[in-house]
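Visitor: kindly generate the corresponding structure for this input.
(one chain, ligands or ions: 1)
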Amino acid sequence: MKEIKRIGVFTSGGDSPGMNAAIRAVVRASAFYDLHVYGIQKGYEGMIEGEINRLEPSDTANIIQRGGTILKTSRSQRFLEPDGRKIAYENLVANDIDALVAIGGNGTFAGALKLYNEFGIPIIGLPGTIDNDLYGTDFTIGFDTSVNTAIEAVDKIRDTADAHNRLFLVEVMGRHSGYIALYTAIASGASAFLIPEAETTIDGLVEMLQKSLRRKKLFGLIIVAEGNHIGDSAEIAKQLRERAPQYDIKVTTIGHLQRGGSPSNADRILASRLGYEAVTSLMNGEMNCMAGIVNGELALTKFEEAINKNSSPPSHLIKMAEILGM
Ligand code: F6P
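Guide: Got it, this is the predicted structure:
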């Protein structure tokens, strides 16, 4: 096996708070072990364009607290094509890059898997997504911050909802995952939540609202995940207004606010541990895996499993949230 001397690092897909802390850990751990790090700009897009530059430890000063990613990110269409991947690989070879650290979510690891299968370059992935939808880690980098942001917003909405006796639908991100919505609902004491992993219906919501009405409760918070089964929150609000006209219903979409901001303590620590782990794993000959933390312990999981195995919120948590919200 070829000795690893130069590592390329990149961020790809939706950015998440803590990506910078992960880049910093990769660069500094590598420097400690006498490895050189190259930052690839804009994820796979920059790999295709050859935007690859040396990253020194001093380049990672003053970034641990910053959201976004100093390396920028993208969702590259060209990399989905074999020709795009070939050009990307040729650029890695031209820069003498022996191994990669890919920071991102499902799409990033699907791309990494292709690159590994087609060209055999060792890659370790770090779970960087606010969605928390990867198997092989209890939490992904950015999830904690994102939920904190959503909770802060919901707490504020609660004040005005309470003052006016209104029902608010608050839409949070999560196209395929209900983790953000579920955690936000539990932590903000919402009455109900709609997530892709649970089949809540309009009938069910109307029933819940009628029960509340019997207790003379018109105030309420319903957290809606983007990818729920019914539709977007404006559509849900329309249907609820028709079926439960006693309620004054408003809609707020938190949107991309949840993707930015200074990472929380939990995300900085997670990113630092995993960034360090990525470097030592590559040095130990590991590849084609995502580094995560399971029950407090570092764990490596094959990309195939990280992407494809079930990463839904556990049903006992969903049930608990339903019971506490009533
Ligand atoms: O994957 C992270 C995520 O924030 C999802 O929750 C959301 O559905 C998606 O990205 C939005 O992506 P974009 O910013 O490209 O619209």
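
Visitor: could you list the buried residues of stretch 130-143?
Guide: 130-137, 139-143 (16 or more other C-beta atoms under 10 Å). The way it works is simple: take the backbone N, C-alpha and C, and place the C-beta from them, glycine included.

Visitor: show me which of these neighbour the ligand.
Guide: Intersecting the buried residues of stretch 130-143 with the contacts of the ligand gives 130-131 (criterion: C-beta under 6 Å from any ligand atom).

Visitor: restricted to helices, list the buried residues of stretch 130-143.
Guide: Phe143 (DSSP state H).

Visitor: for the buried residues of stretch 130-143, give me a markdown table that also has pLDDT.
Guide: Output for these, formatted as a markdown table (pLDDT from 0 to 100):
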| residue | pLDDT |
| --- | --- |
| Ile130 | 98 |
| Asp131 | 97 |
| Asn132 | 98 |
| Asp133 | 97 |
| Leu134 | 98 |
| Tyr135 | 98 |
| Gly136 | 98 |
| Thr137 | 98 |
| Phe139 | 98 |
| Thr140 | 98 |
| Ile141 | 98 |
| Gly142 | 98 |
| Phe143 | 98 |
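
Visitor: out of the buried residues of stretch 130-143, which comes closest to Lys319?
Guide: Asn132 (18.6 Å; C-beta to C-beta).

Visitor: I'd say that closest one and Thr145 touch.
Guide: No. The criterion here is C-beta atoms under 8 Å, and Asn132 misses it with Thr145 at 11.4 Å.

Visitor: Asp203 belongs to a helix?
Guide: Yes. Under DSSP: H, G, I helix; E, B strand; the rest coil, Asp203 falls within a helix.

Visitor: separation between it and Leu169?
Guide: Using C-beta to C-beta, to the nearest Å, we find Asp203 at a distance of 17 Å from Leu169.

Visitor: repeat for His36
Guide: Applying C-beta to C-beta to His36 and Leu169 gives a distance of 50 Å.

Visitor: pick out whichever of the two has more residues nearby.
Guide: Leu169 (24 against 17; other C-beta atoms under 10 Å).

Visitor: so, low pLDDT: which residues of the stretch 151-300 of the chain?
Guide: Of all residues in the stretch 151-300 of the chain, none has pLDDT under 70.

Visitor: which bits of it sit near the ligand?
Guide: Going by C-beta under 6 Å from any ligand atom, the residues of the stretch 151-300 of the chain near the ligand are 173-175, 226, 259.

Visitor: wait, Ile202 sits on Arg243?
Guide: Yes. The criterion here is C-beta under 8 Å, and Ile202 meets it with Arg243 at 6.8 Å.

Visitor: circling back: now, the buried residues of stretch 130-143 that are in strands?
Guide: Using DSSP state E, no member of the buried residues of stretch 130-143 falls in strands.

Visitor: which stretches of this protein form strands?
Guide: Going by DSSP E, the chain shows strands at 6-11, 36-40, 52-55, 99-104, 123-127, 167-172, 192-194, 220-225, 249-253, 289-294, 297-302.

Visitor: mind listing what the shortest one pairs with, with the direction of each?
Guide: When pairs are called by DSSP bridges, strand 192-194 turns out to pair with strand 220-225 (parallel).

Visitor: please parse the chain into its domains.
Guide: 6-142+263-308, 144-259 (automatic domain parsing).

Visitor: reformat those as JSON lines; add distance to Leu317.
Guide: Below are the domains of the chain laid out as JSON lines (distance: least, C-beta to C-beta, whole Å):
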{"stretch": "domain 6-142+263-308", "distance to Leu317": "12"}
{"stretch": "domain 144-259", "distance to Leu317": "7"}
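
Visitor: phi and psi next, for Ser12.
Guide: The phi/psi pair for Ser12 (degrees, to the nearest 10) reads phi -150, psi 160.

Visitor: what residues are up against it?
Guide: Contacts for Ser12 (C-beta atoms under 8 Å, 6 or more residues apart in numbering) come out as 43-44, 73-76, 102-104, 107-108, 111.
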